[in-house]
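Novice: Kindly return the folded structure for what I paste below:
(2 chains)
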Amino acid sequence: MTTTLGVEATGPTRPRGGDLVQQFEAGLDAPICLTWELTYACNLACAHCLSSSGRRDPRELTTEQCEAVIDELERMQVFYVNIGGGEPTVRPDFWHLVEYAVAHHVGVKFSTNGVRLTPERARWLASTDYVDVQISLDGATADVNDRVRGPGSYDTAITALRNLHEAGFKDPKLSVVCTRENIPQLDEFKSIADAYGATLRLTRLRPSGRGADVWDVLHPLPAQQRELYDWLVARGDNVLTGDSFFHLAPFGEKLPGLNLCGAGRVVCLIDPIGDVYACPFAIHEEFLAGNVLEAGFQHVWQTSRLFADLRSPQTGGACTSCQFFDACRGGCMAAKFFTGLPLDGPDPECVQGYGEAALAAPREVPAASQDHSRSSPGRNAPVLLTLQRRPPTTACDENPLAGTAASAHS
Amino acid sequence: MVASGAEQARVDLAEAWELSPSVALRPEPFGALAYHFGNRKLTFLKRPDLVALVRALASAPSVASALDIVGISARQRAAYLDALSGLAATDMIRKRAS
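Specialist: Residues are numbered from 1 along each chain as shown, chains lettered A, B, ... in the order given. Okay, here's the model as predicted:
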């Protein structure tokens, strides 16, 4: 053991040896799963975008600043980063940064809607080790996908998958956010992945970013949670989940994975301007740990007060009296925060039904602390997003509370 | 995907093994993280002495010798051999060309 870098004095003392879950809860010297959103710019405007992306932020890290981050990740032995956005491939220096990372022993998996995955680029990717590609698709048919991700986005994703397949790229990931509308299509997603030699990856819809606006209409219904769990048990052997469904564990046997919230412990996010957040689903000032431009990423990871708190023993609140607490650990912090639920209470999608009760109680959904959405819907805006723009309830309704819960109660 | 490899992956005491060239180890208080840049598999070496054993393989003439160097007792050898076989199944360690 040569390079154990202590957490600062205020941090919790970490156990040596012993249970891996306890180790992870206390935090590691460097993250295992680091997400890096390279840009808020995006050609799409998905209704449920976690990072409310659309417009480039003028403070976006420069190429040199990105290289410095990669240098630091190499020193910290962060073995790979999950690069996303926005749409990362629209950054003019994107392919350069991928090459730079790989040359510095930082493997790359990048998430894309496929817009820049031409046959030529696919051939280049197929010839490169250490680069993995994840294509986002949120419907197994164009109608289901495009309603959420925008017109033409299904064809773009399938074309990208085909280009990768034809170029001989091995085992790309087909990444699906599970929604009320696509859970009936799980078998079809698997077929698409199989057809292109891809691995299916299913993740949970979070009420983060623009996701907060559409969560009520898109998050899986209770019966669908069961359907999803049963499907994962029956067919999930070669399906990735990003450990995102641990709130379903009380249904029965635990799903593969760590079944714990990794935020600030083994997971974190660097955003396009260098801000470091506790997890990819928590882009909000409440979960902002620092910025890489101040004293570097390692400094944030190892000395932030927020991360020290997250690595301290957490109270489960009311959940600790539930017999399934050990299975779900209270669920997802971000899901609770963005639905206005207390962090030490049940997950909004608690499969024991405690979430529904909590959602029915008075609560205040936090305001977004950043939004890079385009101000007017472009030609690629998905139908669902357009529907969310809430026109006046009637042409002459002048009540400023028209259409809100408050007016319904008045 | 690695099933065929797993079947051949039994590590024998008399053989010489080493950490795969595509694998990096990152020390952590519990042991180490091992990451394979080729197959992108991440493995947790959950005990510091397993990390020491894996590191000792390359310069030891045999697995048995590496076990001795690290000080693994005879009683624990079977468990450590199983752990090594598990690592071999995902190409974290590989047999050395003699």
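
Novice: Counting neighbours, what do you get for residue A:261?
Specialist: Neighbour count for residue A:261, taken as other Cβ atoms under 10 Å in any protein chain shown: 25. The C-beta positions use only the backbone N, C-alpha and C, and glycine is treated the same way.

Novice: ditto for residue B:55
Specialist: Around residue B:55 there are 18 residues (other Cβ under 10 Å).

Novice: Next: the one 4 residues further on.
Specialist: The burial count assigned to residue B:59 is 11, neighbours taken as other Cβ under 10 Å.

Novice: Per-residue confidence at it, what does it come out as?
Specialist: If you check residue B:59, the pLDDT there is 95.

Novice: so where does it fall, helix or strand?
Specialist: Using DSSP states H and E, residue B:59 sits within no helix or strand.

Novice: Got the phi and psi for it?
Specialist: Backbone geometry at residue B:59, expressed as degrees, to the nearest 10, gives phi -100, psi 0.

Novice: That one and residue B:18: what is the separation?
Specialist: 9 Å (Cβ to Cβ, to the nearest Å).

Novice: Then residue A:287?
Specialist: In this view, residue A:287 and residue B:18 are 42 Å apart by Cβ to Cβ.

Novice: Settle it for me: which of the two has more neighbours?
Specialist: Per other Cβ under 10 Å, whichever of residue A:287 and residue B:18 has more neighbours is residue A:287, with 24 against 19.

Novice: Next one, pLDDT for the residue nearest to the more buried one when sequence neighbours are not counted please.
Specialist: In this structure, residue A:287 finds its nearest non-sequential neighbour in residue A:278, 4.3 Å apart by Cβ to Cβ, 6 or more residues apart in numbering or on different chains. You'll see residue A:278 listed with a pLDDT of 96.

Novice: Pull the number of nearby residues for residue A:278.
Specialist: Neighbour count of residue A:278, defined by other Cβ under 10 Å: 27.

Novice: I'd assumed residue A:289 was in contact with it.
Specialist: Yes. Counting by Cβ atoms under 8 Å, residue A:278 does reach residue A:289; the two are 6.4 Å apart.

Novice: what residues do these two have in common as contacts?
Specialist: A:264, A:268, A:306-307 (Cβ atoms under 8 Å, 6 or more residues apart in numbering or on different chains).

Novice: Tell me the most packed of those, by neighbour count.
Specialist: Highest neighbour count within these: residue A:268, with 29 neighbours (other Cβ under 10 Å).

Novice: need the residues of chain B near chain A, please.
Specialist: With Cβ under 8 Å from any Cβ of the partner chain as the criterion, chain B meets chain A at residues B:24, B:26-31, B:33, B:35, B:37-38, B:40, B:42, B:44, B:46-48.

Novice: Now, these that are in strands?
Specialist: Among the residues of chain B next to chain A, the members found in strands (DSSP state E) are B:24, B:26-28, B:31, B:33, B:35, B:42, B:44.

Novice: Name only those of the residues you listed that count as buried.
Specialist: With neighbours counted by 16 or more other Cβ atoms under 10 Å in any protein chain shown, those contain buried members at B:24, B:26-28, B:31, B:33, B:35, B:44.

Novice: ok, those vs residue A:122, which is closest?
Specialist: Within those, distances to residue A:122 taken as Cβ to Cβ reach their minimum at residue B:35, with 25.3 Å.

Novice: Beta-bridge partners for that closest one, please?
Specialist: Beta-bridge pairing of residue B:35, defined through DSSP bridges, involves residue B:24, residue B:42.

Novice: got a list of what residue 52 touches?
Specialist: Picked chain A for this. Each residue near residue A:52 by Cβ under 8 Å, 6+ apart is listed here: A:40, A:209-210, A:283, A:368, A:370-373.

Novice: Can you look at chain B instead?
Specialist: Counting by Cβ under 8 Å, 6+ apart, residue B:52 touches residue B:70.

Novice: any idea which helix is longest in chain B?
Specialist: For chain B, the longest helix by residue count, based on DSSP state H, is helix B:77-89.

Novice: Check which residues of that helix are buried.
Specialist: B:80-81, B:83-84, B:87-89.

Novice: for the stretch 251-400 of chain A, which spans come out with low pLDDT?
Specialist: For the stretch 251-400 of chain A, the stretches flagged by pLDDT under 70 are A:258, A:377, A:385-400.

Novice: Ignore what I typed, I meant chain B.
Specialist: Within chain B, the ranges that satisfy pLDDT under 70 run B:1-8, B:98.

Novice: likewise the stretch 1-150 of chain A?
Specialist: For the stretch 1-150 of chain A (pLDDT under 70), the answer is A:1-18.

Novice: repeat that with 90
Specialist: The stretch 1-150 of chain A contains residues with pLDDT under 90 at A:1-29, A:32-33, A:128-130.

Novice: Helices of that one, residue ranges please.
Specialist: Here the stretch 1-150 of chain A has its helices, by DSSP state H, counting those that start in this stretch, at A:20-25, A:63-76, A:94-103, A:119-126, A:142-149.

Novice: quick one on the thing from earlier: and the longest helix of chain B, what does it pack onto?
Specialist: For helix B:77-89, the packing partners by 3 or more Cβ pairs under 8 Å, 6 or more residues apart in numbering or on different chains; DSSP states H and E come out as helix B:3-7, helix B:48-57, helix B:63-70, strand B:93-95.

Novice: show me where the stretch 101-250 of chain A has strands.
Specialist: For the stretch 101-250 of chain A, the strands defined by DSSP state E, counting those that start in this stretch cover A:107-112, A:131-136, A:173-178, A:199-204.

Novice: got the angle for the first one vs strand B:23-28?
Specialist: Think strand A:107-112. 90 degrees (axes from the mean of the first three to the mean of the last three Cα atoms, to 10 degrees).

Novice: what do you get for the second one?
Specialist: Computed by the same axes, to 10 degrees, the angle separating strand A:131-136 from strand B:23-28 equals 80 degrees.

Novice: Give the pairing partners of strand A:131-136; include direction for each.
Specialist: Here strand A:131-136 has these sheet partners by DSSP bridges: strand A:107-112 (parallel), strand A:173-178 (parallel).

Novice: looking at the ones you listed, which is closest to residue A:272?
Specialist: Here strand A:107-112 is closest among the strands paired with strand A:131-136 (Cβ to Cβ), at 13.9 Å.

Novice: Which residues does the closest one contact?
Specialist: With contacts defined as Cβ under 8 Å, 6+ apart, strand A:107-112 is touched by A:79-85, A:87-89, A:98, A:101-102, A:130-136, A:160, A:173, A:175, B:35, B:37, B:40.

Novice: run the last query once more with 6 Å
Specialist: Defining contact as Cβ atoms under 6 Å, 6 or more residues apart in numbering or on different chains, one finds that strand A:107-112 is touched by A:79-80, A:82-84, A:88-89, A:98, A:101, A:130-132, A:134, B:37.

Novice: do the same with stretch A:73-90
Specialist: For stretch A:73-90, the external contacting residues (Cβ under 6 Å, 6+ apart) are A:30, A:34-43, A:53, A:94, A:104-113, A:116, A:298, B:26, B:35.

Novice: With stretch A:113-129 instead?
Specialist: Here stretch A:113-129 makes contact (Cβ under 6 Å, 6+ apart) with A:43-44, A:87, A:89, A:131, A:135-136, A:156-157, A:160, A:163-164, A:167-169.

Novice: Between the two ends of that stretch, how far is it?
Specialist: In stretch A:113-129, first residue to last residue: 21 Å (Cα to Cα, to the nearest Å).

Novice: Would you mind listing the buried residues in it?
Specialist: With burial defined by 16+ other Cβ under 10 Å, the residues of stretch A:113-129 counted as buried are A:113-117, A:121-126.
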